[in-house]
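[1] just coords:
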Ligand code: FCB
């Protein structure tokens, strides 16, 4: 019998995020976001870049749609900019903001490209940040209100909804390490933000079940990292368990089990950084199951025991001899397989979609104007191969969204890191396929047979 391939109806997609591609930050009534503000902090972003123009997708979305159609994408994941819909975070809806996304959704559907809509990909309205942002419990309710407005408008046509993108990164990079907006450096804030984000997610799911005109599917996207101990020693194994608890289980458990892992709650409490959990919060978490989980996978974590950081008791290390991407991230496609199998085993075999996977490389080899990014092709191919292995081993994987459609504003790295399968000319804003785009087109056309 021939090997099983990708399932029928498997979604072949690409992903983007509003702030990274749209630009037009002051147009048509859009409000300020925390990223607009953060980009103005001296030294925060490589070369002082901003997302003011980004890929100018707001004006050139038709070019991008054509690009998707030529690639043969069957799905496209994008995010709605909250401050475009609600310029001050709550209250008055900006009609042209919602209209922009409605036009995009209709145009995608016209091309038979399934829209997968993320409600929050890091661009909190600045007005809500002034009130404490994600450290303020009320922001969770504001998010649910915002989500409801988008559901009511697009819920009849959009079948795949994602509440949040990578709450781990929002919380810890934004409030602990300070390398993302809003740039805070206080672990207490980070832990509190992680909790408020999870409540926001659960409330949005609740609202979705009540408010959406058609009942399609809603999930959340987490950045997941398989964690491997550096050595066979017991203390590294213990460190790996803790790291896994902090990075993965802290988010997976509330989504699938409605509770936080006790061991990590205890650790946070012992360090004086436990989140403030309202009596009602746990009820909200436990009564709003998702329909699927979005998995963002880029690289594994290898950890060793360390007292360097009294809160963590572990340190991450990177193998010198392993291949890495331009981000310094280890290339380890087996990690994707391991994570998918683990989700199947530990979390009741949920429906899964890979909502992001891809790689930044230098893109220095150019022939006849086309980037020859064989390294990116190898990265994507090997990850798809491991995804297929997981499918063969019983994982319910329904789609793959490559990160990303075109080179864009890569957060604090500005435009210095390129993840796109399409290059962006920063002067003309023209789009040109890289070799990986033609390759991906072939993969999709063969429904994954020609990997
Ligand atoms: C993920 C983000 C995405 C992009 C990729 C490289 O963490 O969700 O916006 O920056 O990393």
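    Noted; the coordinates are in hand. In this text, all values refer to a predicted model and were calculated from it rather than measured experimentally.
[2] Tell me where the stretch 351-451 of the chain has strands.
    352-356, 366-367, 370-371, 397-403, 422-424, 431-433 (DSSP state E, counting those that start in this stretch).
[3] Stretch 331-346 - what's its average pLDDT?
    Stretch 331-346 carries an average pLDDT of 98.
[4] about what we covered before: need the winner for burial among the strands of the stretch 351-451 of the chain.
    Comparing these by mean neighbour count (mean count of other C-beta atoms under 10 Å), strand 352-356 comes out on top with a mean of 26. C-beta here means a position set from N, CA and C on the backbone, and glycine is covered the same way.
[5] how about residue 338, phi and psi?
    phi -60, psi -40 (degrees, to the nearest 10).
[6] Any chance of JSON lines for the strands of the stretch 351-451 of the chain, columns mean pLDDT and distance to the ligand?
    Below are those laid out as JSON lines (pLDDT from 0 to 100; distance: least, C-beta to the nearest ligand atom, whole Å):
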{"stretch": "strand 352-356", "mean pLDDT": "99", "distance to the ligand": "6"}
{"stretch": "strand 366-367", "mean pLDDT": "98", "distance to the ligand": "22"}
{"stretch": "strand 370-371", "mean pLDDT": "98", "distance to the ligand": "18"}
{"stretch": "strand 397-403", "mean pLDDT": "98", "distance to the ligand": "5"}
{"stretch": "strand 422-424", "mean pLDDT": "98", "distance to the ligand": "15"}
{"stretch": "strand 431-433", "mean pLDDT": "98", "distance to the ligand": "18"}
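[7] TSV for those, including distance to residue 450?
    Shown next, in TSV, are the strands of the stretch 351-451 of the chain (distance: least, C-beta to C-beta, whole Å):
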stretch	distance to residue 450
strand 352-356	19
strand 366-367	22
strand 370-371	20
strand 397-403	15
strand 422-424	20
strand 431-433	17
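[8] for these, which one sits closest to residue 21?
    strand 422-424 (9.2 Å; C-beta to C-beta).
[9] Go ahead and name everything in contact with the closest one.
    55, 67, 363, 371, 405-408, 430-434, 437 (C-beta atoms under 8 Å, 6 or more residues apart in numbering).
[10] part of a helix, is residue 171?
    Yes: per DSSP: H, G, I helix; E, B strand; the rest coil, residue 171 lies within a helix segment.
[11] Identify the residues contacting it.
    Contacts of residue 171 (C-beta under 8 Å, 6+ apart): 134, 190, 191, 193, 194, 197.
[12] Next one, pLDDT for it please.
    Predicted confidence (pLDDT) for residue 171: 98.
[13] helix, strand or coil for the nearest residue to it once chain neighbours are set aside?
    Once flanking residues are discounted, residue 171 sits nearest to residue 194: 3.8 Å by C-beta to C-beta, 6 or more residues apart in numbering. Following three-state DSSP, residue 194 is assigned to helix.
[14] so residue 194 sits right up against residue 246, yeah?
    No: using C-beta atoms under 8 Å as the test, residue 194 is too far from residue 246 to be in contact (9.8 Å).
[15] Name the residues of stretch 198-218 that come out as buried.
    198-208, 211-212, 216-218 (16 or more other C-beta atoms under 10 Å).
[16] Take the contacts of strand 422-424 and write them to TSV, including distance to residue 34.
    What follows is the contacts of strand 422-424, written out as TSV (distance: C-beta to C-beta, whole Å):
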residue	distance to residue 34
55	20
67	29
363	30
371	32
405	24
406	24
407	23
408	18
430	30
431	28
432	32
433	33
434	31
437	32
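[17] Which positions in this protein make contact with the ligand?
    17, 20, 165, 166, 169, 223, 296, 356, 403, 410, 411, 419 (C-beta under 6 Å from any ligand atom).
[18] tally of neighbours for the last one?
    Each residue near residue 419 was counted by other C-beta atoms under 10 Å, and the total is 24.
[19] Also the second one?
    For residue 20, the neighbour count with other C-beta under 10 Å is 25.
[20] how about the nearest residue to it, chain neighbours excluded?
    The nearest residue in space to residue 20 (C-beta to C-beta, 6+ apart) is residue 408, at 4.2 Å.
[21] can you give me the helices for the stretch 251-400 of the chain?
    Remark: helices assigned in the stretch 251-400 of the chain by DSSP state H, counting those that start in this stretch are 262-270, 281-286, 334-346, 374-392.
[22] now the ones you listed in JSON lines, with mean neighbour count?
    As requested, the helices of the stretch 251-400 of the chain are exported to JSON lines (neighbours: other C-beta atoms under 10 Å):
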{"stretch": "helix 262-270", "mean neighbour count": "14"}
{"stretch": "helix 281-286", "mean neighbour count": "18"}
{"stretch": "helix 334-346", "mean neighbour count": "19"}
{"stretch": "helix 374-392", "mean neighbour count": "20"}
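[23] Is it possible to get TSV of those helices that adds distance to residue 107?
    Below are these laid out as TSV (distance: least, C-beta to C-beta, whole Å):
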stretch	distance to residue 107
helix 262-270	44
helix 281-286	36
helix 334-346	32
helix 374-392	26
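[24] Show the pLDDT at residue 68.
    99.
[25] oh, I was asking about residue 1
    On the pLDDT scale, residue 1 gets 45.
[26] mind listing what the most centrally placed residue in the chain touches?
    By C-alpha atoms, centre = their mean, the chain has its centre lying nearest to residue 165, at 4.0 Å. Contacts for residue 165 (C-beta under 8 Å, 6+ apart) come out as 17, 79, 118, 120, 121, 122, 221, 296, 355.
[27] now do residue 9
    By C-beta under 8 Å, 6+ apart, the contact list for residue 9 reads residue 398.
[28] Quick check: the gap between it and the ligand.
    Separation of residue 9 from the ligand (C-beta to the nearest ligand atom, to the nearest Å): 25 Å.
[29] again, but for residue 208
    21 Å.
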